[in-house]
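# Provided below for reference: sequence and predicted model.
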Amino acid sequence: MDLQSTYHNDMNIITVGEARIDAAAAIRFKDRMRDVTSQGPAHIVLDLSNVTFVDSSGLGAIVAAMKQLSGERRLDLAGLTPDVAKVFRLTRMDTVFVIHDDIIALKARATG
Amino acid sequence: MTLEGTLTDFTLTATASELAVRDTLLAVRSRLSERGVCEDTCGSVELVMAEALNNIVEHAYATDQERDFLLKVSIKPDRLCLHLCDGGAPLPGLCLPQGNLPDHTGPRDDLPEGGFGWFLIRDLTERVAYERRDGMNHLTLEFLREAP
C-alpha cells in the first residue's frame, strides 16, 4: 500500500497513492498506517484525493487506523472524492472525523 | 473472468477472490458509464456490488473449493437490475440481514470497524431480494435510474 508521509510543521500529512481502499487492500492499509503514524506530529491528516473507491472494509480499516493511534494523536481526513464522500455520509462516519475539503489550502496553512 | 451478452444485457462469470471482485466492479462500471448511467448511480452500484461480492468471498465461500459466481446485469431505460448467483453457504436463517447502521456515537475505542455492508446494500438499492434455490444463493439488486 502506497502511503507517503510528509511533515508540514505540526501536521503529518499522509497521502494515499492508490485508487482503492477495498477488501483486497484493507489489512495492508491498516498495517502501513501504523508504520507511518507511530512517529512525527500528533496531528495526522489522511489525504484521500487520489482515492476513488472505498468499500465497507476500507472504511473499517480507516476507522481502525484512527483507533490504533496512541494517546493524544488525532486523525483527520482530506480530499474526499464523490464516491468516497458518499460512503462516509451514509454511514454517518462523516460526523466522527474532521474532514477538510482542500488539502492544498491545508498544506499552505500548515507551512505558512 | 468471462463476459457475454449485449451492451445492455450481459452476464459475467468469475472465480470469487478479492482481486476478481475488483475486476468485476471495474468491468461493470465501465459498461454502465458507456450506456449513459450517471456517475452518482454508477458509484452506488459499484459500492453495493462490492459489498455483495465481498460477502460471497468472505462468508458464502469461506471454506469451499468451488468458488464461481455469476452476475447478470440488465440496463433498462428506467432501472438497473442485477442478479448475483453463487453456490456457497446460505445466508444465516435463509433471509436478508436487517442491515442496521452500527452505532457511531460512542467513544473512539468503541467505534465500529465493520457491519456496514448490508446497511449500504439496503440503503442504496430500490429493491433487494434473496432466495436459496437448488443449493444456490440468488441475490437480486435493483436501482432506479435518474430521470432523463
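On my side now, so go ahead.
# so where do the strands sit in chain B?
B:2-5, B:9-15, B:68-75, B:79-86, B:127-133, B:136-144 (DSSP state E).
# Pull the residues that contact the second one.
Identification of contacts with strand B:9-15 by CB atoms under 8 Å, 6 or more residues apart in numbering or on different chains yields B:1-5, B:20, B:23-24, B:27-28, B:31, B:67-75. For every residue, glycine as well, the C-beta is placed using N, CA and C.
# coming back round to it: which one of the strands of chain B lies closest to A:Asp35?
Nearest to A:Asp35 among these is strand B:9-15 (32.5 Å), distances taken as CB to CB.
# Run the chain-centre distance for the closest one.
Put simply, strand B:9-15 sits 13 Å off its chain's centre (CA atoms, centre = their mean, to the nearest Å).
# on that earlier part again, turn the strands of chain B into TSV, columns for mean neighbour count and mean pLDDT.
Converted to TSV, the strands of chain B look like this (neighbours: other CB atoms under 10 Å in any protein chain shown; pLDDT from 0 to 100):
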stretch	mean neighbour count	mean pLDDT
strand B:2-5	11	93
strand B:9-15	16	95
strand B:68-75	19	96
strand B:79-86	19	97
strand B:127-133	12	98
strand B:136-144	18	97
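# So for B:Glu51, which of those sits nearest?
Smallest distance to B:Glu51 across the strands of chain B (CB to CB): 10.0 Å, for strand B:136-144.
# angle of that closest one against strand B:127-133?
170 degrees (axes from the mean of the first three to the mean of the last three CA atoms, to 10 degrees).
# Name the strands paired with strand B:136-144 and say parallel or antiparallel.
Paired with strand B:136-144 in the same sheet, following DSSP bridges, are strand B:79-86 (antiparallel), strand B:127-133 (antiparallel).
# Quick one: name the residues of chain A near chain B.
A:20, A:22-24, A:53, A:55-57, A:59-61, A:63-64, A:66-67, A:82-83, A:86-87, A:90-93, A:95-96 (CB under 8 Å from any CB of the partner chain).
# run the last query once more with 7 Å
Within chain A, the residues that sit near chain B (CB under 7 Å from any CB of the partner chain) are A:20, A:22-24, A:53, A:55-57, A:59-60, A:63-64, A:67, A:82-83, A:86-87, A:90-93, A:95-96.
# Inside helices: which ones of the residues you listed?
Within those, residues falling in helices by DSSP state H are A:Ser56, A:Ser57, A:Leu59, A:Gly60, A:Val63, A:Ala64, A:Lys67, A:Pro82, A:Asp83, A:Lys86, A:Val87, A:Leu90.
# how about CSV for these, with pLDDT and neighbour count added?
Formatted as CSV, those follow (pLDDT from 0 to 100; neighbours: other CB atoms under 10 Å in any protein chain shown):
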residue, pLDDT, neighbour count
A:Ser56, 97, 27
A:Ser57, 97, 24
A:Leu59, 98, 25
A:Gly60, 98, 25
A:Val63, 98, 23
A:Ala64, 98, 18
A:Lys67, 96, 14
A:Pro82, 97, 10
A:Asp83, 98, 20
A:Lys86, 98, 19
A:Val87, 98, 22
A:Leu90, 97, 18
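# For those residues, name the two members farthest from one another.
Distance extremes for these: the farthest pair is A:Lys67 and A:Pro82 at 26.2 Å, using CB to CB.
# Can you tell me how far the residue of chain B most remote from its centre is from A:Val96?
The C-alpha centroid of chain B is most remote from B:Pro107, which lies 31.5 Å away (CA atoms, centre = their mean). Look at B:Pro107 and A:Val96: by CB to CB, to the nearest Å, they are 11 Å apart.
# Please apply the same query to B:Leu19.
For B:Leu19, the distance to A:Val96 equals 30 Å [CB to CB].
# Compare these two (neighbour count), which wins?
A:Val96 (20 against 12; other CB atoms under 10 Å in any protein chain shown).
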